[in-house]
Every structure is written in C-alpha cells, then in structure tokens.
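> mind folding the following:
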Amino acid sequence: MEVSLKPKHGLFVGIAVVVAAIGAYLVFGGGDAPAELTLGERAVEVEDAGPTSTRPPIEFTNVMGCNIPHRVTEAAYNIADMGISRYSVVEGSIAGYRVVEDFIGGLANVDAVGRTTAIQGDLFTHTSFRWWAPDEEDDPTTTTVPPDSSLASYWFCVDVASIKSDKGSRDNRFRGPIMDTANFPVATFVSVPVTSFQDSDIPEAGSTTLTVPGFLTLAGKGHAAKASVTIQRAEAPYDYELVAQIPVVFSDFGIDNPSNSIVSVRDEGLIEVSLTFAWNSADVLGRN
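Numbers count the residues shown, from 1 in each chain. Reported below is the predicted structural model:
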C-alpha cells in the first residue's frame, strides 16, 4: 500500500507565522536603540569659538500648544513679596519614550525609542516662609521659620506629534491610533506644587537623584506619576541639568495596547527627558 506523506496545514501556518515574525523583526525591529539619556546630553551644543568671541544668546524653547499650567504659576506665587527665580528649558533639550517590543512570542525583543527636541518647561526656585497654625498662647512671630530656597514648581511639555523613532511605520502608528496626536498634540508633566526637596539638596559638585511626584497628561488623560530625577548644577551659561524617567502604564491613560499577532508591545514604558535650564528674566505673570 502506498502511503502519501502530506504536510499538515498547521505546519504551513506555523512556518508562515515564524517567517512573518522574522520579517517584522527585520522591518520594525533590529538595530541598536539609542542609549538612555544622560546628564547634559543635548541635541544642540553651544560652541565656544575662543576667548575673544562671545557666546550666542541662549535660546529658550517655545512649543505650540504648551502653556504654563495654572497650578505652576499658582504655586510659584502663592506668597506675596517672595523672591522668585525662573529657569527655562533651552534649545536642544530632548524628550521621548522607550518601550519594549517582543517578536516571535518573546524569542526576540527590541527597545523602541522615539525622541524630539520640541520640549518646553520651567523650574522655579523661591525664598519663602513655611507657615503653620499657632497655638492660642503662642506669640504670632513664632508662626514662621527662616526662609528656605526650594524648587517649588517644575513642569515640562512635549510636542508628541514631533517624536520620531528609527522606523517610519512605528511613528505612523504612534501618532495615529496610539497617541491620537491630531486631537492631543502635547503631553505634560507637572510636579506637585511645593515639592519636598530644596535647592540646597543639589550639591555644588556632582549630582543627586530625587523622586518627584507629579501629574502626567498623555493623550488627553491625566494620572498621578512619579519622576526619578537626577539633577546637577550646570556650567555657565546654564544653571541646571537634569535627566528624568517617568514609568508609564498605558492603560492608566486609556491608551490601547497596539500589539498584534506578530509584534507584542509591553503594557508599560518610560518617558525620558534630558533638560538643560538657564535663568530666564521673563516673569510668567508680567511682573518684571
């Protein structure tokens, strides 16, 4: 009796899926993703042409759709006759995302990284008094303590539609069904007003890492978030440099996981920024 050996249909399907996954990995993945951002990293450097020349003026970023949140100005000016210093993000600062894409059922994965220099923000320091309710028998003068120099407000805003990765197909999905940048073009992080750390926490040399609680808005929805911020004092003509990472769970912002049968995107990712700040004489309330 002659036996005919025929490949099973499922085998063809399995081979097709593996081939498609490998093809997708080669098209959408592969390559080396940019490393995590570092302190002082900028897309544009100010060059010093020599001792007889002068540096170009510092350029602050101004992103369409990014406006200083009301809670920031409210926190910065919550006490009358308070000394305020405003430091603004300079051109060349970087913002973006980092997520992991799994291929072939997790047999291969790649860091998907998108970045932009369209980012605006401010950091405020101020000298203020801390107030508490006195006991009835206390003298009113005991209701204050000596002034402290605090980082009272910190915020940044990113033009999400301008974020680009190394793959145009990924960018199209990111701007379209994932982030809907046509309707929600910017994302914003605002620190909780009057944070618990002070300017004196930043050493004169070297850096320090702080956890900054705040409120993150993505795709039109807001959620509490915590930023891990490493900050240091910068060399002139700048004042501060920081890198921050904000872990994000996409479902917290109503963002659907864009996974399909070939590429699986993990449910969480990181927002990454590298910001350089310089003193800005402009007063946000026009009180120069």
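> where do the strands sit along this structure?
Assigned by DSSP state E, the strands in the chain fall at 83-89, 94-103, 108-116, 119-128, 148-159, 186-191, 207-218, 221-233, 240-249, 263-265, 268-279.
> among those, which comes closest to residue 199?
With distances scored as Cβ to Cβ, the stretch of the strands of the chain nearest to residue 199 is strand 148-159 (4.4 Å). The C-beta positions use only the backbone N, C-alpha and C, and glycine is treated the same way.
> neighbours around residue 207, how many?
The number of residues packed near residue 207 is 16, by other Cβ atoms under 10 Å.
> which residues does it contact?
39, 230, 231, 232 (Cβ atoms under 8 Å, 6 or more residues apart in numbering).
> returning to that earlier point: can you tell me which of the strands of the chain the model trusts least?
Here these differ in mean pLDDT, and the lowest is strand 263-265 at a mean of 74.
> can you list the strands that that one pairs with?
strand 94-103 (antiparallel) (DSSP bridges).
> follow-up on the earlier one: mind checking which of the contacts of residue 207 are buried?
230, 231, 232 (16 or more other Cβ atoms under 10 Å).
> which stretch among the strands of the chain comes nearest residue 35?
strand 108-116 (9.1 Å).
> surely residue 254 and residue 217 touch.
No: Residue 254 is not in contact with residue 217 according to Cβ atoms under 8 Å; the separation is 11.6 Å.
> have a look at these two and say which one is more surrounded.
Counted by other Cβ under 10 Å, residue 254 and residue 217 do not tie: residue 217 has more neighbours, with 18 against 11.
> quick one: residues contacting the more buried one.
Contacts of residue 217 (Cβ under 8 Å, 6+ apart): 187, 188, 189.
> so in terms of bridging, what pairs with the last one?
The reference is to residue 189. Going by DSSP bridges, residue 189 forms beta bridges with residue 156, residue 216.
> redo the strands of the chain as JSON lines? Include distance to residue 178.
Below are the strands of the chain laid out as JSON lines (distance: least, Cβ to Cβ, whole Å):
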{"stretch": "strand 83-89", "distance to residue 178": "25"}
{"stretch": "strand 94-103", "distance to residue 178": "10"}
{"stretch": "strand 108-116", "distance to residue 178": "11"}
{"stretch": "strand 119-128", "distance to residue 178": "19"}
{"stretch": "strand 148-159", "distance to residue 178": "15"}
{"stretch": "strand 186-191", "distance to residue 178": "12"}
{"stretch": "strand 207-218", "distance to residue 178": "10"}
{"stretch": "strand 221-233", "distance to residue 178": "13"}
{"stretch": "strand 240-249", "distance to residue 178": "12"}
{"stretch": "strand 263-265", "distance to residue 178": "9"}
{"stretch": "strand 268-279", "distance to residue 178": "11"}
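> which one, of these, ends up nearest to residue 167?
strand 108-116 (7.8 Å).
> which neighbouring elements make contact with that closest one?
Contact here means 3 or more Cβ pairs under 8 Å, 6 or more residues apart in numbering; DSSP states H and E; on that basis strand 108-116 packs against strand 94-103, helix 168-173.
> could you check the angle strand 94-103 makes with that strand?
160 degrees (axes from the mean of the first three to the mean of the last three Cα atoms, to 10 degrees).
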